[in-house]
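Need the 3D shape of this:
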Amino acid sequence: MTRNRQILLVARPLGAVAADNFRLVETELPALADGQVLVRHHYLSLDPYMRGRMDAGESYAEPQALGEVMIGGTAGEIVASRSDRHRVGERVVGMGGWQEYQIVDGECPGALRRVDSTLIPLSAYLGAVGMPGVTAWYGLQQLIAPRPGETIVVSAASGAVGSAVGQLARLRGCRAVGIAGGPEKCRAAVEEFGFSACIDHRLHGDTRSLAAAVAAACPDGVDGHFENVGGRVLDAVLRRCNPFARIAICGLIAGYDGQAIPLREPQLILLRRLKLQGFIVSEHLDFWPQALRELGELFTSGRLRHRESIVHGIENAAAAFIGLLHGQNFGKQLVRLV
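Down below sits the predicted model:
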């Protein structure tokens, strides 16, 4: 009988996420029924959106149920199969959650996606060639719609999404300017990911100082902005936006602990005729094949680079997730489970 270790959400956070919001349990997996497959997860993806799902309030999706396995993207290998659609040894990506194994209905279309790990590492299918990469591609390509010569600003520029946005913008002939936390992340944004400049927001304690840094880094103004943070970062960028700038709002991690995020100068939206649009990439599945095709080609040719922060063991997932929410990760945060 296979033993499966899982992490459950047992309490909703009151403000910041804490370790006691989670519980590690061990269960025995039942025998497979006809049509089912058993997936051994190699990697678990940790992402900021999970924080919003932990709350019971209004959101774009149903909240994470208490007492159930935490939601999360996974990449792994089929180790047993009673399905005609899947065979043992296939590498697959799915939404297996915070656990080492998952029993999946192999006959259900879309439950698992086969991937080829001969040229692209399995972990990258949870990052640059997975949901974060598609998020970057969709927000930039479909919402910001960059034109050559424009300036695109990206917050959380060293993260899994932000680093991909900057590289895609540069490949489209744009000047990419990042905002990140700390000199090491800013250095990587420029030297590894090809940003023209990167602003360390930790050096600027208020909106005015940060806005001045954005102005210095963007002498021709901001034509597009990919927002992952919100708060004073968004306030600062709005002050430098050109008329008709486009802003794709992917995340607002400044408010993930439940606090309100006021906008200091909303009149700029009208005065400069700005377009702001939030989006959830899972609502745009018809764009995924096109995005994944380009991302895969760029990755295998070496034109799309990525970084990973990896912790080992399901027992360390909660601590890694809390660190992610405080900016302690560098690039894509993963938990290695094998």
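
what kind of secondary structure is the closest residue to Gly139 other than its chain neighbours in?
Once flanking residues are discounted, Gly139 sits nearest to Ala248: 3.8 Å by C-beta to C-beta, 6 or more residues apart in numbering. C-betas here are computed from N, CA, C, even on glycine. Three-state assignment for Ala248 (DSSP: H, G, I helix; E, B strand; the rest coil): strand.

just Tyr138 next, same as before
Assignment for Tyr138 (three-state DSSP): helix.

Could you verify my assumption that the residue nearest to Gly139 touches Val237?
No: checked against C-beta atoms under 8 Å, the pair Ala248 and Val237 is beyond contact range at 11.9 Å.

Need the overlap of contacts for these two.
Common contacts of Ala248 and Val237 (C-beta atoms under 8 Å, 6 or more residues apart in numbering): 225, 227.

Can you get me a residue count around the closest residue to Arg87 other than its chain neighbours?
Take Arg87 and drop its neighbours on the chain: the residue closest to it by C-beta to C-beta, 6+ apart is Ser81, 5.9 Å away. By the criterion of other C-beta atoms under 10 Å, Ser81 has 20 neighbours.

can you check Phe287 too?
15.

is it fair to say it lies in a helix?
Yes: assessed with three-state DSSP, Phe287 lies in a helix.

thought it was touching Gly139?
No: with contact defined as C-beta under 8 Å, Phe287 does not reach Gly139; the gap is 10.7 Å.

Can you find the helix or strand of this structure with the lowest average pLDDT?
The helix or strand of the chain with the lowest confidence, counting by mean pLDDT, DSSP states H and E, is helix 49-53 at a mean of 92.

what's next to that helix, contact-wise?
By C-beta under 8 Å, 6+ apart, helix 49-53 touches 13, 17, 59, 61, 63-64, 70-72, 251, 253, 256-257, 321, 325.

ok, and for it, which residues are buried?
49-53 (16 or more other C-beta atoms under 10 Å).

okay, that helix in PDB with CA atoms only?
The C-alpha trace of helix 49-53 is given here as PDB (Å, rounded to 0.1, in the frame of the first residue of the first chain):
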ATOM      1  CA  TYR A  49      -2.500  33.300  -6.100                       C
ATOM      2  CA  MET A  50      -2.700  30.600  -3.500                       C
ATOM      3  CA  ARG A  51      -2.900  33.300  -0.800                       C
ATOM      4  CA  GLY A  52      -6.200  34.600  -2.200                       C
ATOM      5  CA  ARG A  53      -7.700  31.100  -2.400                       C
END
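
Could you look up the next helix or strand downstream of that helix?
strand 68-69 (DSSP states H and E).

That following strand: how far from the chain's middle?
21 Å (C-alpha atoms, centre = their mean, to the nearest Å).

same question, stretch 206-226
24 Å.

cool, and stretch 49-68?
Using C-alpha atoms, centre = their mean, the offset of stretch 49-68 from its chain centre is 16 Å.

And the helices in this structure?
With DSSP state H as the definition, the chain shows helices at residue ranges 49-53, 131-138, 160-171, 183-191, 207-217, 232-238, 267-271, 288-300, 317-325.

which of the residues in the third one are buried?
Just to be clear, that refers to helix 160-171. Buried, per 16+ other C-beta under 10 Å, within helix 160-171: 160-170.

May I see these arranged in CSV, with distance to Val335 and pLDDT as well?
As requested, those are exported to CSV (distance: C-beta to C-beta, whole Å; pLDDT from 0 to 100):
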residue, distance to Val335, pLDDT
Ala160, 14, 95
Val161, 18, 97
Gly162, 21, 97
Ser163, 20, 97
Ala164, 20, 98
Val165, 24, 98
Gly166, 25, 98
Gln167, 25, 98
Leu168, 26, 98
Ala169, 30, 98
Arg170, 30, 98
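
what's the span of stretch 95-110, first residue to last?
10 Å (C-alpha to C-alpha, to the nearest Å).

ok, and for that stretch, which residues are buried?
Using 16+ other C-beta under 10 Å as the test for burial, stretch 95-110 gives 96-104, 106.

Could you list the domains of this structure?
3-127+306-336, 131-282 (automatic domain parsing).

Centre of the chain to the longest one, how far?
Right, domain 3-127+306-336. 14 Å.
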